[in-house]
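J.: attaching a predicted model along with its sequence, questions to come.
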Amino acid sequence: MQTITYDTMSKKIKGSFWKATKDINKPTIIYIHGGGLIFGNRNDLPRDYIDLFLKNGYSVFAPDYLLAPESSYRDIVDSLKKGISYFLDHFDEFGLKNNQYILFGRSAGAYLCMQLIASGLSPTPKALIDFYGFESLLAPNLLRPNALYSSYPKVNEHELKSLISNSPVSNSSYESRFLIYVYARQTAKWQKMIFDDGETEIKITKESFNDKFPPTYVCQSNADPDVPFINSIMLKEKLSNARLIPVNSKEHDFDRTVTTDTIKIYERVIAWLSDIVG
């Protein structure tokens, strides 16, 4: 694994790169981690899944990005654009033959992938892999308190303030900032923690984006307690080239623990990629 550092407007950010063991002509997978745009880091994808991609010819580049509430939506997206631009401009330094890429996001990372595509990335990704993401942070079922997180012990504002930094954050452990996310979902203040006044997301509609999105693989638990499964159904209706694969699970991040079943899920993704990009 190779660690690289690149500049954004507010701080230096790191990325991790793993080079495929063969077929380096294939596109690189740019992986964007989840965490509600509030917590998480570039190295949260279990190594077993990374190794599957590498063995099948797909290098993996995983950038960190700015996190809320210290940074807002615009700066978060811009920090990811910087990471993608770094890859596009320096692919040869990674020993790659081309800068073609596939976007892969889990949860909020998938949302950010979609916002990046909608913003007009150039060149565009060859494919999009969406694991339990959401196409809109402003979906009605995400604007109200979440039942799962409301069942947790209440996080008060004093606890919240103790967890928020005075400077931009781009990398965190699950433990150090998860309670910020719990507070956001308990109080329905998630969106207020992401968007500054006047900021909003890019609305993805069938009329505007159906022909602009690459082939898309959507995979989500059919009983997801965090992001309702209907959100993926709504995305599928907007993108004619999307494939929706339900997983029979009550876990949001059904692939958090590596099992023979989750390995098979990733193998099916790789088979789909083979049909799409060769």
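T.: On my side now, so go ahead.
J.: rest of the way, CA atoms for contacts and neighbours
T.: Fine.
J.: Asn43 is in contact with Ala62, correct?
T.: Yes: counting by Cα atoms under 8 Å, Ala62 touches Asn43, with 7.3 Å between them.
J.: those two - which one has more neighbours?
T.: Ala62 (26 against 16; other Cα atoms under 10 Å).
J.: what is in contact with Ala62 and Asn43 at once?
T.: Counting by Cα atoms under 8 Å, 6 or more residues apart in numbering, the shared contacts of Ala62 and Asn43 are Ser16.
J.: restricting to C-alpha, output stretch 103-110 in CSV.
T.: This file holds the C-alpha atoms of stretch 103-110, laid out as CSV (Å, rounded to 0.1, in the frame of the first residue of the first chain):
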residue,chain,number,x,y,z
LEU,A,103,-16.3,5.1,-8.5
PHE,A,104,-17.2,2.9,-5.5
GLY,A,105,-18.9,4.4,-2.5
ARG,A,106,-20.4,2.8,0.6
SER,A,107,-23.3,4.6,2.4
ALA,A,108,-22.6,8.4,2.4
GLY,A,109,-19.6,7.6,0.2
ALA,A,110,-22.0,6.5,-2.5
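J.: who touches it?
T.: Residues outside stretch 103-110 that contact it (Cα under 8 Å, 6+ apart): 29-37, 111-113, 125-134, 253.
J.: can you list the residue ranges for helices in the stretch 51-200 of the chain?
T.: 73-90, 108-118, 147-150, 157-163, 174-187, 190-194 (DSSP state H, counting those that start in this stretch).
J.: return the most buried member of those helices.
T.: Mean neighbours per residue, mean count of other Cα atoms under 10 Å, is largest over the helices of the stretch 51-200 of the chain for helix 108-118, with a mean of 23.
J.: the helix or strand bottoming out on mean pLDDT in the chain - contacts with which helices or strands?
T.: The weakest-scoring helix or strand in the chain, judged by mean pLDDT, DSSP states H and E, is helix 206-209 (a mean of 86). Applying 3 or more Cα pairs under 8 Å, 6 or more residues apart in numbering; DSSP states H and E, we find helix 206-209 packed against helix 230-238.
J.: mean confidence score for the helix it packs on?
T.: Averaging pLDDT along helix 230-238 gives 95.
J.: alpha carbons only: can I get that helix in PDB?
T.: Extracted C-alpha coordinates of helix 230-238, given in PDB (Å, rounded to 0.1, in the frame of the first residue of the first chain):
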ATOM      1  CA  ILE A 230     -37.000   2.600  -0.900                       C
ATOM      2  CA  ASN A 231     -34.200   5.100  -1.500                       C
ATOM      3  CA  SER A 232     -32.400   2.600  -3.800                       C
ATOM      4  CA  ILE A 233     -35.600   1.800  -5.500                       C
ATOM      5  CA  MET A 234     -36.100   5.500  -6.200                       C
ATOM      6  CA  LEU A 235     -32.600   5.700  -7.600                       C
ATOM      7  CA  LYS A 236     -33.100   2.700  -9.900                       C
ATOM      8  CA  GLU A 237     -36.200   4.400 -11.300                       C
ATOM      9  CA  LYS A 238     -34.100   7.400 -12.300                       C
END
